[in-house]
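J.: Need the 3D shape of this:
(one chain, ligands or ions: 2)
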Amino acid sequence: MAKSNSSPLYERLEHKNTMHKVMEFIILFLLLSLLVYRLLSFSNHGFAWLVAFLCELWFTLYWVITISNKWSFVEYKTYPDRLLQRVAEHELPPVDMFVTTADSELEPPIITLNTVLSLLAVDYPTDKLACYVSDDGCSPLTFYSLVEASKFAKLWVPFCKKYNVQVRAPFRYFNNDAIPSSKNSGEFKQEWKTMKDEYMKLNRKIEDAVAKSIPFDLSEDFSLFSNIERNNHPTIIKVVLDKEEGHSNGLPRLVYISREKRPKHPHHSKAGAMNVLTRVSGLMTNAPFMLNVDCDMFANNPSVVLHAMCILLGSNENQNEIAFAQFPQIFYDGLKDDPFGNQMAVIWKYLGHGIQGIQGVFYAGTGCFHRRQVIYGLSPNNGKLGNQELLKTFGNSKELTKSAADALRGETKCPSMLLKSIEAAAYQVASCEYEYGTNWGRKVGWMYGSTTEDILTGLSIHNRGWKSIICTPDQPAFLGCTPTGGPASMTQQKRWATGLLEVLLSKNCPIFGTVFAHLQFRQCLAYLWIFTWGLRSLPETCYAALPAYSIITNTHIFPKGQELAFYIPIALFVTTNIYNISQYIQSGLSIRAWWNNQKMGRITAMSAWLFGVFGIVLKLSGISETVFEVTKKDQSSSTEKGTEAGRFTFDESPMFVPPTTVLLLHLTALASALFGLQPPAHDGLGSGRLDVAASVCLVLCLWPFLKGLFGSGKYGIPLSTIFKSAGLTLMFCTLCRS
Ligand SMILES: O=c1ccn([C@@H]2O[C@H](COP(=O)(O)OP(=O)(O)O[C@H]3O[C@H](CO)[C@@H](O)[C@H](O)[C@H]3O)[C@@H](O)[C@H]2O)c(=O)[nH]1
Ligand SMILES: [Mn+2]
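T.: Ligands and ions are numbered 1, 2, ... in the order given. The predicted structure follows:
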């Protein structure tokens, strides 16, 4: 029976942030003043003035949305202790945990293995947990690693629990150089040493396997992988850890799944993999809650599941309204001061918690606990599905329809796990033809049609009127890798920009969600904010070219010294930067981190996001499809620690052409001003101090590129890119002057 305890499992804390709000309105006022100034002086100026006006109009609208997103800052605090007081351990609901990996080279098996170990070791009754690993790379190495990890887990999990180890991904635990101190018991020291030795052995085994081409004896299990092509192979499902007959072995279940792939069948990247995981787990364990993480996102806080359950089982709001609990994405070994501007700490803090005050945080693809019912298409106050409908929705497997019906009815009892009895069904639901004629990817499961399946899936949930909650325990729940280096970040940002635009320009556009479904208006604005990331590249790039244009043609784009309006851009510049810097400082970050983010914000918009837009244009015109390019994961950036670690790197990618061009343009413009090469001014005024100041600012923002012009190897911009940019610069200058 549930124990009695009425203190709430979580608390909702609202923050006023009055100072921020005041500054937000000052900025808005200044933006509007600038627009009014443009309108009033329209007749004296030409085309460039119009471009400036349109860009500023965009910035203003965007600012209005930003204000709305940040307005209602709400935080949630969770109390796992109270949960354990209230609910007996054996009454806690089962949770299925999903890990996705797709490429054993870009995602080294040792990383995936650590993530899996950290999940197997969380503080939660082990017989309520099952871990499913989806391997889209169909790699014997990944499978081998899991098998070896499961052997190590038999030592590791009891060790973690016995000594209440805080970080349960062994590579982190043993990496911290922390040797047991004299305060620790002799027994602990002994076991610690054994554990470290065992982990080192495991590590070596995996390294050896990676080094050799035929890594290990192809015994029966591994023979399945011989002669396999990544994109053309049958399903492989292997139960790596199962319950031993009758009694628990103290470990959660562990299952390896590589779904069927055939060249002619679209596999829908990660969304497809998630749907196979959902179905296979539906047959095997059918837990009412599902956690999903990327292969690099290990559980860094042993109570993650309890924290999530506080929210999902919580009582002070209508629990049935909360669809998912999302933990923020935080990265380990992040370089100091975020040189590549991709740690997103301030975005998570101010936007994550701001949107929390509306309908709830976005689903971010990893570190999220979902309700199976919601993933199965349930709405907050839904009717029941008929049998026919179930078949149409979930497909032709009787076993799956039955388990889905159970899940939708809220029955949580676990079906028997023995693979034998459900083997055929599991293979059936993992086949590549299974989804034809069903609602998978359209109404149930992870949604298809975008390389940012996470945001799209979250949107489809919010559309139905569900809410979501961002959960931020003091000890970060999950930690993962973020790309270091220019090309890798750019590829990731481009994929996001394209994926987000794919949703904006489809029938899933959030505006329809507000008009025809249950998406709240301000939540719709929040989605528009993120879906238009890619589009921001257009005004940003145009606006960045304007000061160069005005200097080269000796006109002005910003008000001149003798006008009162001269002070508007200055005030805008000063307040915006103070506002931004204050947010960085309040998030515990440095001014340098702010500056790096500022720089990278401009660079990303002109490169990756711009190419995200091109990608969409190519897709819409039917020339090419968008693809999910997996991000490379490094276990630690320590390989390149030292002075060079944060230095921007380049490759031949065309993405680097636009920022290089903008840089060359500004250098040309500044040189022409410096050496008096500007043509005579038509209006007798010529370009002004603000135009030059803006130009200098842009050169500073593009500093990594300026260094790249003179760098060599991967630190240098390739000559071909420089030539292309020089050509474009020349073209631009000629056009300006004609
Ligand atoms: O065909 C595929 C492609 C990718 N993945 C997995 O998807 C995850 C995310 O891929 P990654 O390359 O790490 O992308 P990121 O840009 O780092 O991921 C962010 O953005 C993605 C798209 O928005 C989300 O899916 C992720 O959860 C989110 O962390 C990884 O575990 C991959 O193994 C697959 O399983 N199958
Ligand atoms: Mn990732």
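J.: In contact with residue 603: list those residues for me.
T.: Neighbouring residues of residue 603 by Cβ atoms under 8 Å, 6 or more residues apart in numbering: 659, 701-702, 704-705. Just so you know, the C-beta spots here come from the backbone N, C-alpha and C atoms, and that holds for glycine as well.
J.: Let me have the residues you listed in a markdown table, extended by neighbour count, distance to residue 276 and pLDDT.
T.: Compiled in a markdown table, those are given as follows (neighbours: other Cβ atoms under 10 Å; distance: Cβ to Cβ, whole Å; pLDDT from 0 to 100):
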| residue | neighbour count | distance to residue 276 | pLDDT |
| --- | --- | --- | --- |
| 659 | 28 | 40 | 97 |
| 701 | 23 | 44 | 96 |
| 702 | 24 | 44 | 96 |
| 704 | 24 | 41 | 95 |
| 705 | 27 | 43 | 96 |
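J.: Just the ones in strands from the residues you listed, please.
T.: Counting by DSSP state E, no part of those is found in strands.
J.: Surely residue 437 and residue 391 touch.
T.: No: Residue 437 is not in contact with residue 391 according to Cβ atoms under 8 Å; the separation is 9.7 Å.
J.: Which residue, neighbours along the chain excluded, lies closest to whatever residue of the stretch 301-450 of the chain ends up closest to ligand 1?
T.: Residue nearest to ligand 1 within the stretch 301-450 of the chain: residue 365 (2.2 Å; Cβ to the nearest ligand atom). Using Cβ to Cβ, 6 or more residues apart in numbering and skipping residues adjacent in sequence, the residue nearest residue 365 is residue 454, 3.1 Å away.
J.: Can you give me the buried ones in the helix or strand that contains the one you found?
T.: Element membership of residue 454 [criterion: DSSP states H and E] is helix 453-463. For helix 453-463, burial by neighbour count (16 or more other Cβ atoms under 10 Å) applies to 453-463.
J.: Who does the residue of the stretch 401-550 of the chain found nearest ligand 2 form a beta bridge with?
T.: Going by Cβ to the ion, ligand 2 is nearest to residue 480 of the stretch 401-550 of the chain, at 5.9 Å. Beta bridges link residue 480 to residue 331 when assigned by DSSP bridges.
J.: Can you tell me the number of residues neighbouring it?
T.: Neighbours of residue 480 under the rule other Cβ atoms under 10 Å: 20.
J.: Show the contacting residues for it.
T.: Applying Cβ under 8 Å, 6+ apart, the residues near residue 480 are 293-294, 296-298, 329-332, 366.
J.: Per-residue pLDDT of residue 238, please?
T.: Predicted confidence (pLDDT) for residue 238: 92.
J.: Please identify which helix or strand holds it.
T.: strand 236-241.
J.: strands paired with that strand, and their directions?
T.: Its sheet considered, strand 236-241 pairs with strand 253-258 (antiparallel) by DSSP bridges.
J.: Need the residues that contact the partner strand.
T.: Residues outside strand 253-258 that contact it (Cβ under 8 Å, 6+ apart): 116, 120, 129-138, 142-143, 146, 150, 153, 233, 235-243, 276-277, 280-281, 284-285, 417, 430.
J.: restrict those to contacts with ligand 1.
T.: By Cβ under 6 Å from any ligand atom, the members of those lying near ligand 1 are 134, 136.
J.: quick revisit: ok, now how distant is the residue of the stretch 401-550 of the chain closest to ligand 2 from residue 295?
T.: Look at residue 480 and residue 295: by Cβ to Cβ, to the nearest Å, they are 9 Å apart.
J.: Contacts only, for residue 491.
T.: Residues near residue 491 by Cβ under 8 Å, 6+ apart: 483, 608, 629, 631, 653.
J.: and those as CSV, adding distance to ligand 1?
T.: As requested, these are exported to CSV (distance: Cβ to the nearest ligand atom, whole Å):
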residue, distance to ligand 1
483, 8
608, 12
629, 7
631, 4
653, 17
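J.: low pLDDT regions in the stretch 601-738 of the chain?
T.: In the predicted model, the stretch 601-738 of the chain carries pLDDT under 70 at residues 635-643, 684.
J.: now the helices: where do they sit in it?
T.: Here the stretch 601-738 of the chain has its helices, by DSSP state H, counting those that start in this stretch, at 610-620, 657-674, 689-701, 703-710, 719-737.
J.: Near ligand 1, which residues of the stretch 451-600 of the chain? Just list them.
T.: Within the stretch 451-600 of the chain, the positions adjacent to ligand 1 are 452-454, 492, 496, 499 by Cβ under 6 Å from any ligand atom.
J.: Kindly recompute the last result at 5 Å.
T.: 452, 454, 492 (Cβ under 5 Å from any ligand atom).
J.: The stretch 201-350 of the chain too?
T.: Going by Cβ under 5 Å from any ligand atom, the residues of the stretch 201-350 of the chain near ligand 1 are 269-270, 273, 294-295.
J.: a markdown table for those residues, including neighbour count and secondary structure?
T.: Below are these laid out as a markdown table (neighbours: other Cβ atoms under 10 Å; DSSP: H, G, I helix; E, B strand; the rest coil):
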| residue | neighbour count | secondary structure |
| --- | --- | --- |
| 269 | 22 | helix |
| 270 | 23 | helix |
| 273 | 24 | helix |
| 294 | 26 | strand |
| 295 | 30 | coil |
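J.: Run through the residues that contact the closest residue to residue 422 other than its chain neighbours.
T.: Spatial nearest neighbour of residue 422, chain neighbours left out: residue 283 (5.0 Å); criterion: Cβ to Cβ, 6+ apart. By Cβ under 8 Å, 6+ apart, the residues touching residue 283 are 397, 399-400, 403, 415, 422, 425-426, 429.
J.: Now render the residues you listed as TSV, adding secondary structure.
T.: Formatted as TSV, the contacts of residue 283 follow (DSSP: H, G, I helix; E, B strand; the rest coil):
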residue	secondary structure
397	coil
399	helix
400	helix
403	helix
415	coil
422	helix
425	helix
426	helix
429	helix
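J.: Brilliant, that's me finished.
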